[in-house]
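*Asks:* A structural model of the following input is requested.
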Amino acid sequence: MSEYTKFTEDMIKTHTILVPNMLPVHFRLIMAVFENKGYKMELLETDSRNVVDEGLKNVHNDACYPALLVIGQFMDALKSGKYDPDKTALLITQTGGGCRASNYIYLLRKAVERNFPQVPVVSLNFSGLEKDSAFRISFNMFIRMLYAVLYGDLLMICYNKCRSYETNKGDAKKTLNKWQKQLGEIFRTGSSRYTHTKKFYKEILNDFSAIKISDDKKIKVGIVGEIYVKYSPLANNHLEDFLISEGCEPIVPSLLEFIMYCAAGTFNDAEIYNTKNSQSYIYKLGYKLIYSKQKELIRIMKENGKFEAPHDFEHLRSLADKYINQGVVMGEGWLIPAEMAALAKSGVENIICAQPFGCLPNHIVAKGMSRAIKQDNPDANIVSIDYDPGATRVNQENRIKLMLANAKR
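*Replies:* Residues are numbered from 1 along each chain as shown. The predicted structure is shown next:
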């Protein structure tokens, strides 16, 4: 492949950056952080079959489903005529892990070069990749993004809880929109008010607590798995909406847990392989900062008492040690069995593990560890659902309905 088009500082003023919609609640807040620095961003929300078809045209079928969807969504947008290719860039996240996801950006650049060679592809990562990119994250921006994730986690938890029980349909969505707009404006203007977390956490919790809900007893269903399929409605066929339509309450682990998992993996590896250096030390300091912020959110949610707080991350790590070594970090590694065990022990016995078909790391740590978790938690009802271009939505939903039928019995 020839030299790809790079994103330069001049493009910040002229280009619109398209963002794939992995996290509908969080990404709007994170985008506002970048908009404060002059970036123009737009969240792609297309989920038609054409997205899959474009992915199949531009990605080898050995690539995993998330790569196919992300690239398909980008190509569908560029071919729609809505965007000027000369003034459009694409943003993709990279964790730098050892699975096929590390190849997303190269697959995307290959597809773009073949169709729209003038469109630059931008990498958002914290692992030192793409160092020559004009898309840089300062420490100040990192802190703002951390707070955006914290607020996003709180909004996601409250929103899923309230829309599962609301008596006036749409109240939860209105409250979510209100806070996404209010917090987005704070991040967008560069105000330091985002640090007033105690005040905003309590106001958010009070607003969602004021929504009138029914007294129905609903089945709680946890959703774990590969990060993109776990969170993206495009990838999991609107799994949370489906569960709510079936009279369930979806319980989705926080995004912060994955971020802390990535940070912990860096300094854990340094200890395991005796490669401690300044980078592992910085990651450990970053982990301690993030963990302190998580504990603050958990404390305030428990004081409110109406919403399930995220699992303390050190508790997750201790649960992981019972089943699998924390050196297992390919894909979502030890985090998946830890989240499944935490959900089962907290009363969420019905668990869906959403994963791309053929995703070896996640099949090993999810399907491979589910039996051990069931042995410790006999009432746990765990089902793995594979997502890929050839899997029909009907078959996926029928498997979930069978799981729910067992839960009702």
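
*Asks:* what are the ranges of the strands in the stretch 1-150 of the chain?
*Replies:* 16-20, 40-44, 88-94, 121-125 (DSSP state E, counting those that start in this stretch).

*Asks:* Out of these, which is closest to residue 286?
*Replies:* Nearest of these to residue 286, taken as Cβ to Cβ: strand 121-125 at 14.4 Å. In short, each C-beta sits where N, CA and C put it, glycine included.

*Asks:* State the mean pLDDT of that closest one.
*Replies:* Mean pLDDT, computed over strand 121-125, is 83.

*Asks:* repeat for stretch 209-219
*Replies:* 95.

*Asks:* what residues does it touch?
*Replies:* Stretch 209-219 has contacts (Cβ atoms under 8 Å, 6 or more residues apart in numbering) with 162, 164-168, 171-172, 175, 247-249, 304, 306, 350, 404, 407-408.

*Asks:* Can I have the buried ones of the residues you listed as a ChimeraX selection?
*Replies:* Of the contacts of stretch 209-219, the buried ones can be selected in ChimeraX as follows, counting by 16 or more other Cβ atoms under 10 Å:
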select :162,164,165,166,171,172,175,248,249,304,350,404
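
*Asks:* Can you find the helix or strand of the chain with the lowest average pLDDT?
*Replies:* Every helix and strand in the chain was compared by mean pLDDT, DSSP states H and E; the lowest is helix 360-362, with a mean of 77.

*Asks:* give me the low-pLDDT residue ranges for the chain?
*Replies:* Flagging of the chain using pLDDT under 70 yields the residue ranges 1-2, 95-102, 126-134.

*Asks:* Which ones among the contacts of stretch 209-219 lie within helices?
*Replies:* 162, 164, 165, 171, 172, 175, 304, 404, 407, 408 (DSSP state H).

*Asks:* just checking, the third one touches residue 250?
*Replies:* No. Taking Cβ atoms under 8 Å as the contact criterion, residue 165 and residue 250 are not neighbours in contact, 12.0 Å apart.

*Asks:* Overlap of the contact sets of those two?
*Replies:* Common neighbours of residue 165 and residue 250 (Cβ under 8 Å, 6+ apart) do not exist.

*Asks:* Run through the strands of the stretch 201-350 of the chain in chain order.
*Replies:* 219-225, 248-251, 350-356.

*Asks:* Find the one among those strands with the highest mean neighbour count.
*Replies:* Per residue and on average, the most neighbours among the strands of the stretch 201-350 of the chain fall to strand 350-356, with a mean of 27 (mean count of other Cβ atoms under 10 Å).

*Asks:* what's the angle between that one and strand 219-225?
*Replies:* Calculated by axes from the mean of the first three to the mean of the last three Cα atoms, to 10 degrees, strand 350-356 forms an angle of 30 degrees with strand 219-225.

*Asks:* give me the number of residues near residue 15?
*Replies:* A count of nearby residues for residue 15, using other Cβ atoms under 10 Å, gives 23.

*Asks:* Could you do the one 4 residues further on as well?
*Replies:* Other residues near residue 19 come to 23 when the count uses other Cβ under 10 Å.

*Asks:* For residue 62, give its distance to residue 39.
*Replies:* 34 Å (Cβ to Cβ, to the nearest Å).

*Asks:* From the neighbour counts alone, determine which of those two ranks first.
*Replies:* Neighbours per residue (other Cβ under 10 Å) separate residue 62 from residue 39, with residue 39 holding more: 19 against 8.

*Asks:* correct me, but the more buried one touches residue 17?
*Replies:* Yes. Counting by Cβ under 8 Å, residue 17 is a contact partner of residue 39 at 6.0 Å.

*Asks:* if you skip the residues just before and after it, what's nearest to residue 295?
*Replies:* Using Cβ to Cβ, 6 or more residues apart in numbering and skipping residues adjacent in sequence, the residue nearest residue 295 is residue 312, 7.1 Å away.

*Asks:* residues in contact with the one you found?
*Replies:* 294, 295, 298.

*Asks:* Kindly report the same for residue 300.
*Replies:* Residues in contact with residue 300 (Cβ under 8 Å, 6+ apart) are 198, 201, 202, 205.

*Asks:* can you tell me which of the residues you listed are in helices?
*Replies:* Counting by DSSP H, the contacts of residue 300 place 198, 201, 202, 205 in helices.

*Asks:* Count the residues that sit near the closest residue in space to residue 284 that isn't next to it in sequence.
*Replies:* Closest residue to residue 284 apart from its sequence neighbours, by Cβ to Cβ, 6+ apart: residue 267 at 4.3 Å. Neighbours of residue 267 under the rule other Cβ under 10 Å: 19.

*Asks:* so how far is residue 288 from residue 267?
*Replies:* 10 Å.

*Asks:* Now do residue 87 against residue 377, distance only.
*Replies:* 53 Å.

*Asks:* okay, these two: which has more neighbours?
*Replies:* Between residue 87 and residue 377, residue 377 has the larger neighbour count (other Cβ under 10 Å), namely 17 against 13.

*Asks:* and the more buried one, what is it in contact with?
*Replies:* 341, 344, 345, 349.

*Asks:* these two touch, right, the last one and residue 407?
*Replies:* Yes. Using Cβ under 8 Å, residue 349 makes contact with residue 407 at a distance of 7.5 Å.

*Asks:* Identify the contacts common to those two.
*Replies:* Joint contacts of residue 349 and residue 407 (Cβ under 8 Å, 6+ apart) are residue 381.

*Asks:* Residue 26 and residue 150 touch, don't they?
*Replies:* No. The pair residue 26 and residue 150 fails to qualify as a contact (Cβ under 8 Å) at a distance of 9.7 Å.

*Asks:* any shared contact partners between these two?
*Replies:* Counting by Cβ under 8 Å, 6+ apart, nothing touches both residue 26 and residue 150.
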